[in-house]
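In: coordinates for the following, if possible.
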Amino acid sequence: MNKSTKGALAAAAAGTLLLGGAGSLAFWTSQQTVDGTSITSGHLKLNTPDCGQGWTLDGGDEYTDQLLVPGDSLTQVCTFTVDAAGEHLTADFDVTGGADTGAADLLDETTVTATYKVTHNGTTTTVGTSDVPIADGDTVTVDLKLNWPYGSEDNDSNVVGGLTESLSDITVTATQHHS
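Out: Residues are numbered from 1 along each chain as shown. Now for the predicted structure:
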């Protein structure tokens, strides 16, 4: 057999082998094992608040049953101790509740707002509501305010002798935040 015939047969055999083995591929692989670990979660809790003397009228006298007029505000200052475990904790603060039921005209005019202060290692700082650094043992002071802005107009109250609204419980929430 001459060289060109042998070459042609070898090429044909190689082609047949390639066609018969279509889709197969040889490659190397390697693997190693990485040790696992145990994880334990921390926690975030606001302990029962100390709300001092209760609601006050315009930041002065204790509110009992005084009749309010537009421009008045009721305030309450509550302090919570933080019970937390975990590294680099931050929290978002929010209040819900407040003006709940009663005369629609009065409910539409009043709002409950809050400002927050955090005391850490003896230093008190006024903070916003988002991404606030906190640690175990810190205190969070929440100044709650029910506002009835001056300039609110309600002619019906002059006729019917006043409007009533019920203030529901107010919930202060600290939600763990992670940037």
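In: what is residue 143 paired to in the beta sheet?
Out: For residue 143, the beta-bridge partners under DSSP bridges are residue 77, residue 115.
In: make 657 the starting number, not 1.
Out: All right, first residue 657 from here; so that's residue 799.
In: for it, what are its contacts?
Out: When the contact criterion is CB atoms under 8 Å, 6 or more residues apart in numbering, the partners of residue 799 are 731-733, 770-773. Glycine gets a C-beta too; all of them are placed from N, C-alpha and C.
In: what of residue 725?
Out: Taking CB under 8 Å, 6+ apart as the definition of contact, the neighbours of residue 725 are residue 804.
In: any idea which helix or strand carries it?
Out: Secondary structure from DSSP states H and E places residue 725 outside every helix and strand.
In: okay, it and residue 800: tell me how far apart.
Out: Relative to residue 800, residue 725 is positioned 20 Å away (criterion: CB to CB, to the nearest Å).
In: ditto for residue 784
Out: Noted for residue 784: a distance of 16 Å to residue 800, by CB to CB.
In: so which of the two has more stuff around it?
Out: Ranked by neighbour count (other CB atoms under 10 Å), residue 784 and residue 800 place residue 800 first, with 20 against 10.
In: ok, and the closest non-adjacent residue to the more buried one?
Out: For residue 800, ignoring the flanking residues on the chain, the nearest one in space by CB to CB, 6 or more residues apart in numbering is residue 732 at 4.6 Å.
In: find me the pLDDT at the one you found, would you?
Out: The predicted local confidence for residue 732 comes out at a pLDDT of 93.
In: what sits against it?
Out: When contacts are taken as CB under 8 Å, 6+ apart, residue 732 is in contact with 707, 710-712, 799-800.
In: tell me the least confident of those?
Out: For those, the weakest pLDDT value sits at residue 710, with 88.
In: could you say which helix or strand holds that residue?
Out: Assigning secondary structure by DSSP H and E places residue 710 outside every helix and strand.
In: could you list which residues are in contact with it?
Out: Residues near residue 710 by CB under 8 Å, 6+ apart: 718-719, 732.
In: all set, thanks.
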